[in-house]
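Student: with the input below, show me the fold.
(2 chains)
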Amino acid sequence: MQNSKSILLVEDDNIDAMTVKRALTDLGSKETLKRSTNGEEALDYLKNDTNEKPRLIILDLNMPRMSGIEFLETIKANDKLKTIPVIVLTTSREDRDIIESFKLGAAGYMVKPVDYDRFVETVKTTSLYWTLCKVPAKE
Amino acid sequence: MRNFKPILLVEDDSVDAMTVKRAFKDLRVTNDLVHSTNGEEALEYLREQSNESPCVILLDLNMPKMNGTEFLKIAKSDDILKKIPVVVLTTSSEERDIMGTFDLSVAGYIVKPVDYKKFVEAIKTIDLYWTLSELPEQKTGAQDAKLEVNTARRG
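Tutor: Residues are numbered from 1 along each chain as shown, chains lettered A, B, ... in the order given. The predicted model follows:
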């Protein structure tokens, strides 16, 4: 995944997804943004070997069919997928969501700013940090 | 960081530890830096009830007595300690170390830059990210109070 150029965004809300995409484009990010609209779809994408494994997963929590927490639990129990860093990006400030996410091994928890410029800053800081970090290479 | 909880640095090399301290000072990071020189010492610190739980752990890998990966394994199987984010800060860019630590749910892996300016940049980025991120148990005071109340009721 070190060599991977893609980020997987798991987000059901189209507007939020567009905002992330726009923020990354504004930053001149060279990464491809792949998007799934819920946890199940994301799992299907990740389990398909013909798809490039993303170097990062950005994960919303409140989604239909399979919540972010359920998704997190599932991929952390999967030997091949557990090493992909997952950053939560959500509207929820609930302590229980924060604690549960970190217990399950999330590598960051960002609350979505309402203000667009702050949203971009959040994406920028996240991108900066994860560009600095090494991540596991492609298997 | 946004809170006043300490940052735990687990690092055996005293020069590297000083460099982190210096970078913190230059960046005006206000959190206390607690320094353990190996994994065992770090666990002792973390398990001591009277010590304040750190908001983030910066973890070297190559240490005597108990190395970073061993420490990580133990911390991540402890129900209370597992939720503290751990960021590896090491000289190793070995794939097996990267893979091994992400396998144990580290929340970052940074290879220590040799150049001091770049080192400070790296610490700055770590500080920015973890200030932005929510952290578990931010309201420690409230939680401790709850704990006391429950104990009193049982007594």
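
Student: going forward, measure contacts between C-alpha atoms and count neighbours the same way
Tutor: OK.

Student: please name every helix or strand in contact with the helix or strand harbouring residue B:17.
Tutor: Per DSSP states H and E, residue B:17 falls inside helix B:14-26. Packing contacts for helix B:14-26, counted by 3 or more C-alpha pairs under 8 Å, 6 or more residues apart in numbering or on different chains; DSSP states H and E, involve helix B:116-132.

Student: and residue A:123, what does it touch?
Tutor: Neighbouring residues of residue A:123 by C-alpha atoms under 8 Å, 6 or more residues apart in numbering or on different chains: A:20, A:23, A:24.

Student: give me the nearest residue to the first one, chain neighbours excluded.
Tutor: Excluding the flanking residues, the one nearest residue A:20 by C-alpha to C-alpha, 6 or more residues apart in numbering or on different chains is residue A:123, at 7.0 Å.

Student: ok, now how distant is that neighbour from residue A:17?
Tutor: 12 Å (C-alpha to C-alpha, to the nearest Å).

Student: repeat for residue A:34
Tutor: 10 Å.

Student: common neighbours of the two, please.
Tutor: With C-alpha under 8 Å, 6+ apart as the test, residue A:34 and residue A:17 both reach residue A:9.

Student: between those two, point out the one with more neighbours.
Tutor: Neighbours per residue, other C-alpha atoms under 10 Å in any protein chain shown: of residue A:34 and residue A:17, the larger number sits with residue A:17, 19 against 15.

Student: got the residues of chain B near chain A?
Tutor: Those residues of chain B that sit near chain A, judged by C-alpha under 8 Å from any C-alpha of the partner chain, are B:79, B:82-85, B:95, B:98-99, B:102-111, B:122, B:125-126, B:128-130, B:132-137.

Student: please flag which of those residues sit within helices.
Tutor: Here DSSP state H is the test, and the residues of chain B next to chain A give B:95, B:98, B:99, B:102, B:103, B:122, B:125, B:126, B:128, B:129, B:130, B:132 as lying in helices.

Student: filter the residues of chain B next to chain A to the buried ones?
Tutor: Among these, those classed as buried by 16 or more other C-alpha atoms under 10 Å in any protein chain shown are B:82-85, B:98-99, B:102-111, B:122, B:125-126, B:128-130, B:132-137.

Student: just checking, residue B:8 touches residue B:34?
Tutor: Yes - using C-alpha atoms under 8 Å, residue B:8 makes contact with residue B:34 at a distance of 4.8 Å.

Student: between those two, which one's more packed in?
Tutor: Using other C-alpha under 10 Å, the more surrounded residue of residue B:8 and residue B:34 is residue B:8, with 23 against 16.

Student: any idea which element the more buried one lies in?
Tutor: Using DSSP H and E, residue B:8 falls in strand B:7-10.
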